[in-house]
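Student: When you get a sec, could you give me coordinates for this:
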Amino acid sequence: MAVVIRLARAGAKKMPYYHVVATDSRNPRDGKFIEAIGSYDPNHEPAKIAFNADRLAHWLKVGAKPSETVAGLMKKAAKAAKA
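Tutor: The predicted structure follows:
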């Protein structure tokens, strides 16, 4: 089972909200997931990005691969935390 960290879409039409989840790569985007480890709300300026740092570190440690989008969000969150 290949575990990935990716976004699962939620929210209303034209008002997206995303959960950052750890899931099996074979599951559909909004399907079953192992654990929710954060959120991303692009409807605010600046966009709200929140991660449970302990759980994110755990999943990365055990070999989960973040999607390109989640990797970018992790970089943005780290940059915002430093500022």
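
Student: list the helices and strands whatever helix or strand Ala71 lives in packs on?
Tutor: In this assignment (DSSP states H and E), Ala71 forms part of helix 68-82. With contacts taken as 3 or more C-beta pairs under 8 Å, 6 or more residues apart in numbering; DSSP states H and E, helix 68-82 sits against strand 3-12, strand 48-51. To be clear about C-beta, it is placed using only N, CA and C from the backbone, and glycine gets the same treatment.

Student: Mind putting those strands into CSV with mean pLDDT, mean neighbour count and distance to His58?
Tutor: What follows is the helices and strands packed on helix 68-82, written out as CSV (pLDDT from 0 to 100; neighbours: other C-beta atoms under 10 Å; distance: least, C-beta to C-beta, whole Å):
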stretch, mean pLDDT, mean neighbour count, distance to His58
strand 3-12, 95, 16, 11
strand 48-51, 94, 16, 12
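
Student: what would these look like in CSV with distance to Asp41?
Tutor: As requested, these are arranged in CSV below (distance: least, C-beta to C-beta, whole Å):
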stretch, distance to Asp41
strand 3-12, 8
strand 48-51, 4
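
Student: Out of these, flag the one nearest Phe33.
Tutor: Of all these, it is strand 3-12 that lies closest to Phe33, at 6.4 Å by C-beta to C-beta.

Student: sorry, back to before: so for the helix holding Ala71, what gets flagged as buried?
Tutor: With burial defined by 16 or more other C-beta atoms under 10 Å, the residues of helix 68-82 counted as buried are Val70, Leu73, Met74, Ala77.

Student: And the last one, what's its pLDDT?
Tutor: Each residue has a pLDDT score; the one for Ala77 is 91.

Student: With Ala81 instead?
Tutor: Per-residue pLDDT puts Ala81 at 81.

Student: Numbering from 23 from now on, please.
Tutor: Sure, I'll start numbering at 23, so the last one becomes Ala103.

Student: what about Asn78, which helix or strand?
Tutor: Actually, residue 78 is Leu rather than Asn. Counting by DSSP H and E, Leu78 is part of helix 75-83.

Student: helices and strands around the next helix or strand after that helix, which ones?
Tutor: As assigned by DSSP H and E, the chain's next helix or strand after helix 75-83 is strand 87-88. When contacts are defined as 3+ C-beta pairs under 8 Å, 6+ apart, strand 87-88 packs onto strand 25-34.
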